[in-house]
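Participant: here is my input; please provide its structure:
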Amino acid sequence: MKLHKLVFILFLSVCALSANAQTESQLRRKKEAIQREIEQLQKNLNKAASGKKLTLQQINAINAQIRLRQDKIGTINSEIKNLDGQISQNTNTVHTLQGQLGDLKKEYAAMIRFAQRNRNAYDKMMFIFAARDFNQAYKRIKYLQQFSQYRKKQAGYIENTQQELNGKIKILDRTLKEKSNLLKEQEREKEKLGKDKSEQAVTLKKLSKQESQFKQDIATRKKQQVQIDKAIRAAIQRAIEEARRKAAEEARRKAAEEARIAAANAKAANKPAPAATPVREKTTNELLTNDAGSAKLAAGFENNRGRLPYPVAGTITEHFGVHKVDQASMNNEGVNITASEGAAVRAVFDGEVLAVSSIYGKYVVIIMHGNYFTIYQNLRSASVSKGDKVSTRQTIGVLANTGDVAELHFEIMRGQTKLNPEAWISK
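Facilitator: Numbering: from 1, shown residues only. Predicted coordinates:
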C-alpha cells in the first residue's frame with residue numbers, strides 16, 4: 001500500500017509539472033512577443049526623435065509602449081505565480097518522498113536484523129525441519145524465498161526513491177533560481193516603465209508648446225480621412241447597387257416565369273390570370289449574400305471572429321473610437337497598427353478585391369468578403385488589382401511611412417456599418 005501511495009504521488013507530480021511546463025512555455029512566448037513589439041516601437045520612436053515636430057503617431061507610440069511594458073510586467077508576475085505553485089508542489093513532493101524513504105529504510109533495517117538472526121544455513125534448515133508436516137515445510141521454504149526476494153525489492157525501492165528525491169531537490173533549486181532571475185527582470189522592467197512615463201510627461205509638456213501646430217495636424221488628418229472614407233463608401237455603395245441590379249434582374253426573370261406558368265394554368269382551367277405577387281425588397285446584407293459563394297464567404301468571416309490574423313506584423317497604437325489628446329479629439333473608425341516601413345500588408349480572410357485607389361499619394365485596398373469588407377489604408381504600393389481573388393494571409397501590398405512612423409489604418413465594415421477590428425483579429 002505504501003508503494004502504491006508513493007507511485008500515485010509521483011504520477012500526480014509528473015502530471016502537474018507537465019501542465020505547469022505548458023503554461024510556462026505559453027507565458028514565455030507571450031513575453032518574448034511583447035518584447036519584440038516594444039523594440040519595434042522604440043526603433044520607430046528613435047527614428048522620429050530626430051524631428052523637431054511632434055506628431056500624433058509619436059504620442060500614440062509612447063502610450064502603446066507604456067501599455068506593452070505594463071503587460072510584460074503582468075506576464076512576469078504570472079510567471080512568478082506559476083513558479084511559486086511549482087515550488088510549493090515540489091517542496092511537498094520532497095517532504096513526502098523523505099517520509100516514504102524513512103519508512104522504507106526502517107522496514108529494510110528490520111528485515112536486515114531478522115536476516116542477521118537467521119543468517120546461517122543450520123538455523124534455516126532447523127526452521128524447515130521443525131514443521132509438523134510436509135505441507136508446512138513447503139510453505140516455510142517458500143516464505144524464506146519470498147522474504148529474500150522482497151528484501152531485494154525493498155532495497156531497489158529505497159534506491160529509486162532516493163534518486164527521485166535527489167531529482168526533485170535539483171528541480172526545486174533550479175526553480176528557485178528561475179524565480180530569482182524573474183524578480184530581477186521584473187525590477188528592470190519597472191525601472192524602464194518609470195523612464196517611459198517620464199518620457200511621456202516630457203512629450204506632453206512639449207505638446208503644450210506646439211498645441212496650435214498639433215491641432216492643425218489633426219484637422220488635416222481629419223480632412224484627409226473624410227475624403228478617404230467618402231471614396232470607400234462610394235466603392236461599397238457601387239458594390240451594393242450592382243448586387244441590387246443583379247437581384248432585380250433575377251427577380252424579374254423569376255416573376256415573368258411564374259406569371260407565364262400561372263397564365264397557362266388559368267387558361268387551361270378557363271379562369272382569369274392571377275395578379276402578380278409583389279416582390280419584397282431585400283436588405284443590404286441580403287443583397288450582398290444573394291449567391292452561394294458570397295453567403296459562404298460571409299459565414300466563414302463571421303465564424304472566424306476573434307481569430308482573424310493581423311493585417312501587418314506590428315502593434316496597435318491607436319484603438320477604435322473617440323480619442324482625446326490634450327484639447328484635440330478625433331474619432332478612429334478602425335485601428336492604427338504601427339510596424340516597420342515596407343512591411344508586408346496581408347489579407348485577413350479570403351475574398352475579392354473590390355477597389356484599389358491612390359489617395360493623397362498612398363494606396364487604399366478594399367476587399368469584399370460577402371457582406372463584410374476589410375479596408376487597408378496607407379500602402380506604399382499595392383500588389384493586387386480590382387477583381388482579384390485573394391486568400392487569407394496573402395500579401396496585397398507594402399506599408400508606407402506616415403510622417404515619422406509607418407502605420408497601417410485598418411477597418412472592418414458590415415455593409416455600411418463600421419465595426420471594431422479588435423473584436424475580430426486574434427489577440
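Participant: low pLDDT regions in the stretch 1-150 of the chain?
Facilitator: By pLDDT under 70, the weakly predicted segments of the stretch 1-150 of the chain are 1-22, 41, 43-56, 97, 100-101, 104, 108, 110-131, 140-141, 143-150.
Participant: which parts of it are helices?
Facilitator: Using DSSP state H, counting those that start in this stretch, the helices of the stretch 1-150 of the chain run over 2-48, 56-117, 121-129, 134-209.
Participant: quick one: Asn90 and His323, what's the gap?
Facilitator: 48 Å (Cβ to Cβ, to the nearest Å). The way it works is simple: take the backbone N, C-alpha and C, and place the C-beta from them, glycine included.
Participant: who has more neighbours, the two?
Facilitator: Asn90 (22 against 16; other Cβ atoms under 10 Å).
Participant: which residues does that one contact?
Facilitator: Shown in contact with Asn90 (Cβ atoms under 8 Å, 6 or more residues apart in numbering): Ser13, Lys168, Ile171, Leu172, Thr175.
Participant: the last one touches Gln86, doesn't it?
Facilitator: Translated: Thr175. Yes - with contacts counted by Cβ atoms under 8 Å, Thr175 reaches Gln86, the gap being 5.3 Å.
Participant: quick one, grab the pLDDT at the nearest residue to Val353 once chain neighbours are set aside.
Facilitator: Closest residue to Val353 apart from its sequence neighbours, by Cβ to Cβ, 6 or more residues apart in numbering: Asp388 at 4.5 Å. On the pLDDT scale, Asp388 is placed at 94.
Participant: so how far is Gln394 from Asp388?
Facilitator: Distance from Asp388 to Gln394, by Cβ to Cβ: 9 Å.
Participant: over to Leu297?
Facilitator: Between Leu297 and Gln394 the computed distance is 15 Å (Cβ to Cβ).
Participant: would you confirm that Gly306 contacts Ala423?
Facilitator: Yes - here Gly306 lies in contact with Ala423, judged by Cβ under 8 Å, at a distance of 6.8 Å.
Participant: list the contacts of the nearest residue to Thr315 once chain neighbours are set aside.
Facilitator: Nearest-residue entry for Thr315: Glu37, 4.4 Å, with adjacent residues in sequence omitted and distances by Cβ to Cβ, 6+ apart. By Cβ under 8 Å, 6+ apart, Glu37 lies in contact with Leu68, Gly314, Thr315.
Participant: help me confirm that the second one comes into contact with Ala344.
Facilitator: No - taking contacts as Cβ under 8 Å, Gly314 lies outside contact range of Ala344: 10.9 Å.
Participant: so between the two, which is more surrounded?
Facilitator: Taking other Cβ under 10 Å, Gly314 and Ala344 do not tie; Gly314 has more neighbours (22 against 16).
Participant: how close does the more buried one get to Asp217?
Facilitator: 22 Å.
Participant: how's the chain carved up into domains?
Facilitator: Following automatic domain parsing, the chain resolves into domains at 2-209, 304-423.
Participant: pLDDT weak spots in the stretch 301-427 of the chain?
Facilitator: In the stretch 301-427 of the chain, residues with pLDDT under 70: 324-329, 402-404.
Participant: and the helices in it, which stretches?
Facilitator: Assigned by DSSP H, counting those that start in this stretch, the stretch 301-427 of the chain shows no helices.
Participant: residues touching the residue lying closest to Ile73 once chain neighbours are set aside, list them.
Facilitator: Leaving aside its sequence neighbours, Ile73 sits nearest to Glu189 (Cβ to Cβ, 6+ apart; 5.1 Å). Neighbouring residues of Glu189 by Cβ under 8 Å, 6+ apart: Arg69, Lys72, Ile73, Ile76.
Participant: surely the third one touches Arg188?
Facilitator: If I follow you right, that is Ile73. No - Ile73 is not in contact with Arg188 according to Cβ under 8 Å; the separation is 10.1 Å.
Participant: of the two, which one has the most company?
Facilitator: In this view Ile73 and Arg188 are compared by other Cβ under 10 Å, and Ile73 has more residues nearby, 19 against 10.
Participant: show me the contacts for the more buried one.
Facilitator: By Cβ under 8 Å, 6+ apart, the neighbours of Ile73 are Gln186, Glu189, Lys190, Leu193.
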